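Peer 1: Generate a structure from the sequence data that follows.
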Amino acid sequence: MATDMSIDSPLEISLEAIADEADGVLDGKLTLPDEINLLPLRDWVMFPVLVTPLGVGRDNSVRLINEAVVGGNRIIGVVAQKDPSVENPTLDDVHKVGTAVVVRMMAQLPDGVRLIVQGTARIEILEAIQTTPYLKVRARVIEEPPLSPEEAVEVEALKRSIIALFQKTVSLSQDMPDEMQSFANNMQDPRVLTDLIAAQMPRFSVAEKQSLLETIPIRDRMQKLMSLLAREVQVLELGSKLHSEVAGELDKSQREYYLREQIKAIQKELGEGDDRTQEIAELRARIDSSGMHEEALKEANRELDRLQRMPAAAPEYTVSRTFIDWLVTLPWQQSTVDNLDIAKVKRALDRDHSGLQAVKDRVLEYLAVRKFKTDGGLRQPILCFAGPPGVGKTSLGKSVARALGRNFVRISLGGVRDEAEIRGHRRTYIGSLPGQVIQGIRRAGSNNPIFMLDEIDKVTADFRGDPSSALLEVLDPEQNNSFRDHYLEVPFDLSRVLFITTANRLDTILPPLRDRMEVIEIAGYTEQEKTAIAIRHLVPKQIDEHGIRRRIRFQPSAITAIIRGYTREAGVRNLEREIATVCRKCTREFAEGKTDFLVVTPATVLEHLGAPRYEYEELDERTRMPGVVTGVVWTPVGGDIIFIEAAAMPSPSNRPSTLSITGQLGEVMQESAQAALSYVRSHAASFGAPADFYEKNDIHIHVPAGAIPKDGPSAGVTMVTALASLFSGRLVRSRLAMTGEVTLSGKVLPIGGLKEKALAARRAGIQTMIVPERNRKDVMEDIPSDVREAMEFVFVRDVQEVLQRALEAPKSGYPSGNGKTTKTTVSPLRPLRKSVRTPSELPRVQGADG
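Peer 2: Numbers count the residues shown, from 1 in each chain. Okay, here's the model as predicted:
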């Protein structure tokens, strides 16, 4: 018996025509008659707005069509059968939701009727009116609920996702023509889009299509369609991938087989051996000419013999081949010749960097020894450049390499946690390689390069090992002449390598590792050095990068204005950024045709960079009240100034006075505050403070920038001065800063990091700096001469000298401890005397050292 289902029609029905028809159908309301003929379909689901051919072959179905077309309104209902094998379905054999269609064309054929129908609306079958000879039912049109504004936005997003998935499905599918990708973009109504795409998917089952037909809310229907399309895309992508892999493997295998046969035939005609024999011979020649020592040569030949007996398809073949490649490519005997012309090297270093005299002197001293030590037994120094960011530690290493004529290689150790990064992985692991040290030597191409280990203070340790411990062998001149990488398992001589490490702080470096290095501290640059660096290096670099050469010129006063007003740093990174900002704005003026040449003056800097960020007037404003003192601190990124503030509040009579300390201070700094208060209470009468000041007041000491942890003893004299100023009501002299540790007996002890602190004070506009007497030698040796000339350094032995110099004299006397009014005079300072240099203190916690 014939089947009632969709058939391939000889008529050409374009998807664009379907879209036009659909818009017309949806514009009006469908009036459904009270009784409608129902046509069951096998293996087919009809959607609204779809125009499709139908083939009708069952006699009762042909009669149904004739009655609807000839004597009716050409509207029938179509619905999918639950079981396609049922020949005469009843109402229980079909789904409850179908589609009302209009018969557009009909043709009588010998084997039945051919129709062109168009779906108009979803209908719900309510009850059967007639079952023979065909089904006639009462049904209602299913109206879709309106969309809220929020739902409309979501529907639009779903629409775009569905279009993208459908187009991807068409591009991947072999059953759908590529022209179908374009019709989805022409659909404006999401209902039309959803129904048409669902109808066009040949891989959707009847149950899935019927589920889409029965889903009435458009948002839910689109979500369900999107899930089905996403699944279809995944299936098609996987199938395409598998097909490509299989085809690629077949083509590759066939091609390789063909080429191998050709090579064999050619070699046979030439009388040569096969490619394996030639490869082994080349490797043996490379091993013999590599210059490796006896132990490495023995290991390389042993591995080559093993490789020769191993089939090329063996998994270990590539491992052995790679190992031999590493052995023969290492520079066992290749080295560069050092430039021993000390004057020429000095000129090269001076040309590349301004200042940094300690580093340059150390390099020249090494060259001088190298010039006289010609027997090859000179031990290479292990240098560590320690200093804040931006002072040129890394670029200095490159400059040393250029000056000496050596190759340069650099690796960064920041965040390295695995010991294998240094020593390499053993060959038992898949994908193993040598460590970064051996890899760097291979990249350098010589056995005596300048090898820079950047950020050595940021090496960390975890369960995989401690890289710092692995570096002990690398950086030990007594051991690195036979360094064994886990991958190579043969010794390699690193004694000719000049290792240079860089660090921002030394306290985080493993003590045994720090002991192996010669530390050269780079504290930072003075204003004159920054100006010279900017004129010689930074300004030409930025002019070239912006392509404005011969269009712009910076006045030295403009550079000074940038340094003073827009940067406050130890290095020059922010200075380079500000110069780049000025160059960009000037380049824009050139591009807009406003001018052809510019001279950058301080006024130009002010115009392009805005108001200065740092001004000296802040110092005067902050210290214009009793109890506020300027201190200087050392930090990992250079020195800085801080303000220590002390305040007094009347204490209740029912409890003793208290001391509050805030500002996230460490234990050492809190103990300094306690010692300072004890000293001030015991010596209150000496500077005119009331003896009962503390009994009647609560004291609060605060160090601003509370988010930064601070610790260290060198803020002792600053806290004593703040409390003395508060107790006596005397102001601290302006533009004055101080540093030094204090004891309960009033002695001022030496401190560390003085150069960084002095440079920070100079940058901030400090004119007078009080330092311990025992730091006099540090001032004379470490502080640049221009800073010593620009600032006054006052050397003190005890707190009384600090207070005499720091506190302003009262205008009309001040109350003494016994209630009488007295005056004080500033006695002349004691003669300055020499002192020995003491070890620098280290910060106790991350942050600033008070």
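Peer 1: I'd like the mean pLDDT over stretch 533-548, please.
Peer 2: In this model, stretch 533-548 has a mean pLDDT of 90.
Peer 1: before we move on, what about stretch 584-592?
Peer 2: Stretch 584-592 comes out at a mean pLDDT of 91.
Peer 1: Let's see it as CSV, backbone CA atoms only.
Peer 2: Output in CSV follows, covering the C-alpha atoms of stretch 584-592 (Å, rounded to 0.1, in the frame of the first residue of the first chain):
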residue,chain,number,x,y,z
ARG,A,584,54.0,60.8,21.7
LYS,A,585,52.2,64.1,22.3
CYS,A,586,54.8,66.0,20.2
THR,A,587,54.4,63.3,17.4
ARG,A,588,50.7,64.0,17.4
GLU,A,589,51.3,67.7,16.9
PHE,A,590,53.6,66.9,13.9
ALA,A,591,50.9,64.5,12.5
GLU,A,592,48.2,67.2,12.8
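Peer 1: got a list of contacts for that stretch?
Peer 2: 546-548, 551-552, 595-596, 598, 600, 604, 608 (Cβ atoms under 8 Å, 6 or more residues apart in numbering). (C-beta placed from N, C-alpha, C; glycine too.)
Peer 1: any idea where the helices of the stretch 251-400 of the chain begin and end?
Peer 2: 275-289, 294-308, 315-329, 342-352, 357-372, 393-404 (DSSP state H, counting those that start in this stretch).
Peer 1: just the stretch 1-150 of the chain next, same as before
Peer 2: 15-27, 59-70, 149-172.
Peer 1: buried set for the longest one?
Peer 2: By neighbour count, and taking 16 or more other Cβ atoms under 10 Å as the criterion, the buried residues in helix 149-172 are 155, 158-159, 161-163, 165-170.
Peer 1: which one's the longest strand in the protein?
Peer 2: strand 112-130 (DSSP state E).
Peer 1: list the contacts for the closest residue in space to residue 399 that isn't next to it in sequence?
Peer 2: Nearest non-adjacent residue to residue 399, counting by Cβ to Cβ, 6 or more residues apart in numbering: residue 352, 4.0 Å away. Going by Cβ under 8 Å, 6+ apart, residue 352 touches 395-396, 399, 402-403.
Peer 1: rewinding a little: relative to residue 193, which of the helices of the stretch 251-400 of the chain is closest?
Peer 2: helix 315-329 (53.4 Å; Cβ to Cβ).
Peer 1: Looking at the helices of the stretch 1-150 of the chain, spot the one closest to residue 454.
Peer 2: helix 149-172 (46.2 Å).
Peer 1: for whichever helix or strand comes after the closest one, packing partners?
Peer 2: Next helix or strand after helix 149-172 toward the C-terminus (DSSP states H and E): helix 180-183. Packing partners of helix 180-183 (3 or more Cβ pairs under 8 Å, 6 or more residues apart in numbering; DSSP states H and E): helix 15-27, helix 149-172.
Peer 1: Need the contact partners of the helix or strand that helix 180-183 is followed by.
Peer 2: Where DSSP H and E defines the elements, the next helix or strand beyond helix 180-183 is helix 190-200. Helix 190-200 has contacts (Cβ under 8 Å, 6+ apart) with 15, 18-19, 22-23, 26, 45-50, 52, 119, 144, 155-156, 158-159, 162-163, 166, 176, 180, 183-184, 187, 204, 209, 212-213, 218, 221-222, 225, 229.
Peer 1: Quick check on those: which are buried?
Peer 2: 15, 18-19, 22, 26, 45-50, 52, 119, 155, 158-159, 162-163, 166, 176, 180, 183-184, 187, 204, 209, 212-213, 218, 221-222, 225, 229.
Peer 1: How much space separates residue 177 from residue 735?
Peer 2: Distance from residue 177 to residue 735, counting by Cβ to Cβ, to the nearest Å: 84 Å.
Peer 1: neighbour count winner among those two?
Peer 2: Higher neighbour count among residue 177 and residue 735: residue 735, with 18 against 8, using other Cβ atoms under 10 Å.
Peer 1: separation between that one and residue 722?
Peer 2: 17 Å.
Peer 1: show me what contacts residue 578?
Peer 2: 562, 566-567, 609.
Peer 1: Report the angle between the longest strand of the chain and helix 59-70.
Peer 2: 90 degrees (axes from the mean of the first three to the mean of the last three Cα atoms, to 10 degrees).
Peer 1: Report the buried residues of strand 112-130.
Peer 2: 112-123, 125.
Peer 1: and that strand, how far from the chain's centre?
Peer 2: Computed by Cα atoms, centre = their mean, to the nearest Å, the chain-centroid distance of strand 112-130 equals 63 Å.
Peer 1: before we move on, what about stretch 213-227?
Peer 2: That offset, for stretch 213-227, works out to 42 Å (Cα atoms, centre = their mean).
Peer 1: do stretch 760-771 as well
Peer 2: Worked out by Cα atoms, centre = their mean, stretch 760-771 lies 37 Å from the chain centre.
Peer 1: Kindly report the same for stretch 460-473.
Peer 2: 24 Å.
Peer 1: That stretch: which residues count as buried?
Peer 2: 465-473.
Peer 1: distance between the ends of it?
Peer 2: Length of stretch 460-473, first residue to last, Cα to Cα, to the nearest Å: 17 Å.
Peer 1: By neighbour count, which of the contacts of residue 578 wins?
Peer 2: The residue in the contacts of residue 578 with the most neighbours, by other Cβ under 10 Å, is residue 562 (24 neighbours).
Peer 1: picking up where we left off before, would you format the helices of the stretch 251-400 of the chain as TSV with mean pLDDT and distance to residue 650 included?
Peer 2: Formatted as TSV, the helices of the stretch 251-400 of the chain follow (pLDDT from 0 to 100; distance: least, Cβ to Cβ, whole Å):
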stretch	mean pLDDT	distance to residue 650
helix 275-289	81	88
helix 294-308	87	82
helix 315-329	86	78
helix 342-352	83	62
helix 357-372	81	54
helix 393-404	85	53
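Peer 1: Can you tell me which of these is most buried?
Peer 2: helix 393-404 (a mean of 22; mean count of other Cβ atoms under 10 Å).
Peer 1: the bottom helix or strand of this protein by mean pLDDT?
Peer 2: strand 821-822 (a mean of 38; mean pLDDT, DSSP states H and E).
Peer 1: ok now do the closest residue to residue 147 other than its chain neighbours, which residues does it touch?
Peer 2: Distances taken as Cβ to Cβ, 6+ apart place residue 155 nearest to residue 147, at 6.2 Å, with adjacent residues excluded. Contact partners of residue 155, counting by Cβ under 8 Å, 6+ apart, are 147, 190, 218-219, 222.
Peer 1: what does residue 284 give?
Peer 2: 301, 304.
Peer 1: returning to what we had before: other SSEs contacting the longest strand of the chain?
Peer 2: Using 3+ Cβ pairs under 8 Å, 6+ apart, strand 112-130 sits against helix 15-27, strand 51-56, helix 59-70, strand 75-80, strand 97-109, strand 135-141.
Peer 1: Okay, helices next: where are they in the stretch 651-800 of the chain?
Peer 2: 667-682, 693-696, 716-728, 754-764, 776-782, 785-790, 799-806.
Peer 1: out of those, deepest packed?
Peer 2: Mean neighbours per residue, mean count of other Cβ under 10 Å, is largest over the helices of the stretch 651-800 of the chain for helix 716-728, with a mean of 28.
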